[in-house]
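Colleague: coords please:
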Amino acid sequence: MTRMVNCVKLAQEAEGLKVPPYPGKLGKKIYENISAEAWQIWQKHQTMLINEYRLSPANQKDRKMLEEEMEKFLFEKDAAPPPDFVPPTT
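Modeller: Have a look, this model is predicted:
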């Protein structure tokens, strides 16, 4: 049976994640409050941040920045793309 959550990002009930996607308290908070769909949206946003800011997940400072952006993106309303970001045209 599919686990449902009241997704705070999408403001609706949706299919939850199968496992916590991140370690610690933040991972538990995400698991309990974020849908699988919202997590996929975050992953695309994270990829854009890594590319635009030229971040390295191996770098502790970069990981901290990504964690802060993840919390803003998933639980707050003030997450935004980098100032110089230009979305790709299709």
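
Colleague: tell me the secondary structure for the closest residue in space to Tyr22 that isn't next to it in sequence?
Modeller: Excluding the flanking residues, the one nearest Tyr22 by C-beta to C-beta, 6 or more residues apart in numbering is Ile30, at 5.8 Å. C-beta coordinates here come from the backbone N, C-alpha and C atoms, glycine included. Following DSSP: H, G, I helix; E, B strand; the rest coil, Ile30 is assigned to helix.

Colleague: quick one, what contacts Ile30?
Modeller: Residues in contact with Ile30 (C-beta atoms under 8 Å, 6 or more residues apart in numbering) are 17, 20-22, 39, 74.

Colleague: let's have the residues you listed in JSON lines, adding pLDDT, secondary structure and distance to Pro82.
Modeller: Shown next, in JSON lines, are those (pLDDT from 0 to 100; DSSP: H, G, I helix; E, B strand; the rest coil; distance: C-beta to C-beta, whole Å):
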{"residue": "Leu17", "pLDDT": "97", "secondary structure": "coil", "distance to Pro82": "27"}
{"residue": "Pro20", "pLDDT": "97", "secondary structure": "coil", "distance to Pro82": "28"}
{"residue": "Pro21", "pLDDT": "96", "secondary structure": "coil", "distance to Pro82": "23"}
{"residue": "Tyr22", "pLDDT": "95", "secondary structure": "coil", "distance to Pro82": "22"}
{"residue": "Trp39", "pLDDT": "98", "secondary structure": "helix", "distance to Pro82": "21"}
{"residue": "Leu74", "pLDDT": "97", "secondary structure": "helix", "distance to Pro82": "18"}
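
Colleague: which of these count as buried?
Modeller: Burial by neighbour count, 16 or more other C-beta atoms under 10 Å: within the contacts of Ile30 this picks out 17, 21, 39, 74.

Colleague: closest to Tyr53 out of those?
Modeller: Leu74 (18.4 Å; C-beta to C-beta).

Colleague: look up how far Pro81 lies from that closest one.
Modeller: When distance is defined by C-beta to C-beta, to the nearest Å, Leu74 is 15 Å away from Pro81.
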